[in-house]
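[1] just a sequence and a predicted model for now, questions to come.
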Amino acid sequence: MASKAIAPIEQPRGENKKKNLGVEGRNRKVLGDIGNLVINPADPHANEPKRITRNQLAAIAQAAEKNKILVPDVVNGNFVAANKMEQAPKPAEHEVIVISSDEEAEVKEKRPLKGRKLRDRSKINVRTFSSVLSARSKAAGRSVPNDLVMNIDATDKDNELAATEYIDDIYKFYKLSEDDCPVHDYMVSQPDINAKMRAILIDWLIEVHRKFELMPETFYLTLNIVDRFLSMKAVPRKELQLVGISSMLIASKYEEIWAPEVTDFVCISDNAYVREQVLVMEKTILGNLEWYLTVPTPYVFLVRYIKASTPSDEQMENMVNFLAELSMMHYVTVSSYSPSMIAASAVYAARSTLKRSPFWTDTLEHYTGYSEEQLRDCAELMVSFHSAAPENKLRAIYKKFCGTDRCTVALMAPAKNLSAES
């Protein structure tokens, strides 16, 4: 007989699944104590870490100033002095101390815990972060402006380019950097040139500067490069003009977006030099200066001090620039006074010329760091240059500031209170 094929009996799908789960469950063990907790059934909060708030840390710092040291009492949730350390029970090895925020501690204090004493926070003297910064600033000697000093940066608080948070520190650094590259009396070491030849060169460079329509920063940096190079190396008379155009070429590359080319300076000098000579002199100047071109010139301080001369207008700004450029042409000013003092004296002489009362304010003294007595000698020298400008043969600066675009400030009468007769 043919045997019949017996079909396997199908079982419900859920049964196999349950059996498999049962086998797996018997093979696995539940994780127990891994050794970092001590179970105390009498206290359900025994395993919670003890927390130290920020105010408690501040109390530690305050006690440290009084030559007392506080240690945390993790049992009572408080602090004890160092001389009471024997009386305070030591924390168990399994207890963990966690520093938590004050807000988190306040939420936990609202929970009704038995046997817990709430501390009176009003009796805790906490030193804030701002008070620490104020104490450090006072210790560093930073003077706070008085009521008579105007905050000249208040209108620029939303201007990111003004850098109002750092502007005071920037100008403190500028004044410290003046001593790194001073211009000494170098004419005694120059056998072939003198102060008059330098004035002729500067007068010609002013015309070149106007011809190329360069920035004011370029002019002041050019003069700085010329004076620093002449104080390091003796230059023949026939190469003095070459030093001038090479210095302006360097300053243009540093300050200008579109600097004039070497051929432009060769043409402006009436082909007195060839292109290779300019390039060689440029390399010589940079080598002697060790490529140190980021220096505080008088223009850096003029921008800041004109802003401090409130109220300031276009006439005031042009008068300050006229006196500053006029003084830079004279060797005695550059060799005797620092750039910041030249800028501050130009503002003082300009206010005196325009009869702005008072001639020197608390705001100007605060931002410049100079008093009226300190600036008087340099300002009198500038006023004497202003008086002699109409009769001087070197008239490039005088003609520049006689134009209506410069408010014709050169045609105004010099300051009487700073004149030689007074």
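    That came through, no problem.
[2] and Ile152, which of the three is it?
    Per DSSP: H, G, I helix; E, B strand; the rest coil, the secondary structure class of Ile152 is coil.
[3] tell me how far it lies from Glu213.
    30 Å (CB to CB, to the nearest Å). All C-beta atoms are positioned from the backbone trio N, CA, C, and that covers glycine.
[4] higher neighbour count, these two?
    The neighbour count for Ile152 versus Glu213, taken as other CB atoms under 10 Å, is higher for Ile152 (19 against 8).
[5] hmm, that one is touching Thr368, no?
    No - using CB atoms under 8 Å as the test, Ile152 is too far from Thr368 to be in contact (11.6 Å).
[6] find residues that contact each of those two.
    Ala308 (CB atoms under 8 Å, 6 or more residues apart in numbering).
[7] neighbours of Asp179, just the number please.
    Using other CB under 10 Å, the number of residues around Asp179 comes to 8.
[8] meant to ask about Pro311
    6.
[9] please apply the same query to the one 3 residues further on.
    For Glu314, the number of neighbouring residues by other CB under 10 Å comes to 11.
[10] in terms of secondary structure, what does the host helix or strand of Val383 contact?
    Using DSSP states H and E, Val383 maps to helix 372-388. In this structure, helix 372-388 packs against helix 314-328, helix 331-336, helix 339-353, with contacts taken as 3 or more CB pairs under 8 Å, 6 or more residues apart in numbering; DSSP states H and E.
[11] buried deepest among those helices, which one?
    helix 339-353 (a mean of 27; mean count of other CB atoms under 10 Å).
[12] contact partners of the first helix or strand past that helix going along the chain?
    Next along the chain after helix 339-353, taking DSSP H and E as the criterion, comes helix 362-368. Under the criterion CB under 8 Å, 6+ apart, residues 145-146, 148-150, 152, 171, 301, 304-305, 308-310, 340, 343-344, 347-348, 371-372 lie in contact with helix 362-368.
[13] quick one: low-confidence parts of this protein?
    By pLDDT under 70, the low-scoring segments of the chain are 1-54, 57-58, 60-61, 63-147, 420-422.
[14] can you list the domain ranges for it.
    Domain assignment for the chain by automatic domain parsing gives 45-109+122-140, 181-288, 298-411.
[15] against which helices or strands is the helix or strand Trp204 falls within packed?
    Element membership of Trp204 [criterion: DSSP H and E] is helix 195-211. Other elements packing on helix 195-211 under the criterion 3+ CB pairs under 8 Å, 6+ apart are helix 216-230, helix 240-255, helix 262-268, helix 331-336, helix 396-400.
[16] OK, contacts around the closest residue to Ala349 other than its chain neighbours?
    Of all residues not flanking Ala349 in the chain, Ala379 sits nearest, at 4.2 Å (CB to CB, 6 or more residues apart in numbering). By CB under 8 Å, 6+ apart, the contact set of Ala379 is 345-346, 348-349, 352, 415, 418.
[17] same question for Leu302.
    By CB under 8 Å, 6+ apart, Leu302 lies in contact with 320-321, 324, 343, 346-347.
[18] buried ones in stretch 350-366, by neighbour count?
    350-354, 356, 359-361, 363-366 (16 or more other CB atoms under 10 Å).
[19] now stretch 203-219
    Neighbour counts over stretch 203-219 (16+ other CB under 10 Å) mark 203-206, 208-209, 212, 214-219 as buried.
[20] pick the one among the contacts of Leu302 closest to Pro296.
    Of all the contacts of Leu302, Pro296 sits closest to Ala343, with 9.7 Å by CB to CB.
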